[in-house]
Structures are given as C-alpha cells and as structure tokens.
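*Asks:* below is the sequence, then the predicted model.
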Amino acid sequence: MIREILRTLFFQKVLDHLLSVALIMLLMMLAILSFEGAKIIGELTARVSSQNDLRIDVHYTLALTGEWPKDSNALLRTRPMEVPYSSYSGDELELEGGAIHIRPTKGRLAGETISMHPAVPANNAVGPISWVVGPGGAESEHLVQGDDATTVDSRWIPHGMK
C-alpha cells in the first residue's frame, strides 16, 4: 500500500513537471511571436518620427501660403537648401498634396510604403495640425489631406498614429 502511494505520488510529480515545462515552452513561443510584431512596430515608428523636419516645413508652407505643398518643389524650407532631410536608414521620400510617402529601402519594411497625412479640424482649415499614418480613421471632425498609398498592414500601425 505504501508502495502504491509512493508510485502514484512520484508519477504525479513527474506529470506536474512535464506540464510546467510545456506551459513555459508555450509562453516562450507566444513571447517570440509578439517580439517580431513589436520589432515591426518599432521600425515603423522610427521611420515616421525621423520625418519631423519635413513635417515642420509642411506646416511652415501652409502657414505662409495657406495651401498644402503639392510636391517638394513647392515646399518652403526653414533651413538652407544644402541641408538635406535626414531619413531613417536611407528611406526614399515623396511629398504629394501635403502627404509624405515614405518608402523604406532596408529592414523589415523594405518595399512597403508608409503614408503620413496632415489632418486639421473640419471647422478650422489652418487649425492645429495632427499627422495620421495610413488611411486614417473615419473621423468626421478632421479633414485628412493627400492620397493614401500605405501598403503596410494596418495591424502594425499603432492606434495613436491612425
């Protein structure tokens, strides 16, 4: 009888350990999958934030002319023409109707397009400008400028940027 109890107890401990190891492996696999998504989100955020100088010049052009710059030739710059815009990892940039299209050349997002659009309140066309990444939400109180050319999956665009 004691022998049966010890055998059952030993089997239960082995089973508990195996179950614990399986649970840890499952959690590790989920963490690895989440980490890949976090790296894509981080890269997208870095590429968008690297365009701060260009966004400032879009604001500057709107303030002085009352119109969104149609392309980079119509852009009024706050710095000398000799000073280039810096971009994350050599991204290609295109300015079209106020919208900034970022085309990554390296990294996980290489070959994709990220569009940033200026958005203003519907009742104040020169009001506070916020920037929307991707197609933007269906907000009726904001006017979003420029066409969307985003090819990045919308699940990688953080909610605060949409």
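*Replies:* Cool, got the structure.
*Asks:* can you give me the end-to-end distance of stretch 101-119?
*Replies:* Between the start and the finish of stretch 101-119 there is a gap of 15 Å, counting by C-alpha to C-alpha, to the nearest Å.
*Asks:* checking Val120 next. Helix, strand or coil?
*Replies:* Put simply, Val120 is strand when judged by DSSP: H, G, I helix; E, B strand; the rest coil.
*Asks:* surely it and Val132 touch.
*Replies:* No. Counting by C-beta atoms under 8 Å, Val132 is not a contact partner of Val120; they are 10.7 Å apart. Heads up, the C-betas are built off the backbone N, CA and C, glycines and all.
*Asks:* shared neighbours of these two, which are they?
*Replies:* By the contact definition C-beta atoms under 8 Å, 6 or more residues apart in numbering, Val120 and Val132 are jointly contacted by His142.
*Asks:* so which of these two has more stuff around it?
*Replies:* Neighbours around Val120 and Val132, counted as other C-beta atoms under 10 Å, are more numerous at Val132. The numbers are 22 against 19.
*Asks:* quick one, phi/psi of the more buried one?
*Replies:* phi -110, psi 130 (degrees, to the nearest 10).
*Asks:* next: Trp156.
*Replies:* Geometry field for Trp156 lists phi and psi as phi -90, psi -10, criterion degrees, to the nearest 10.
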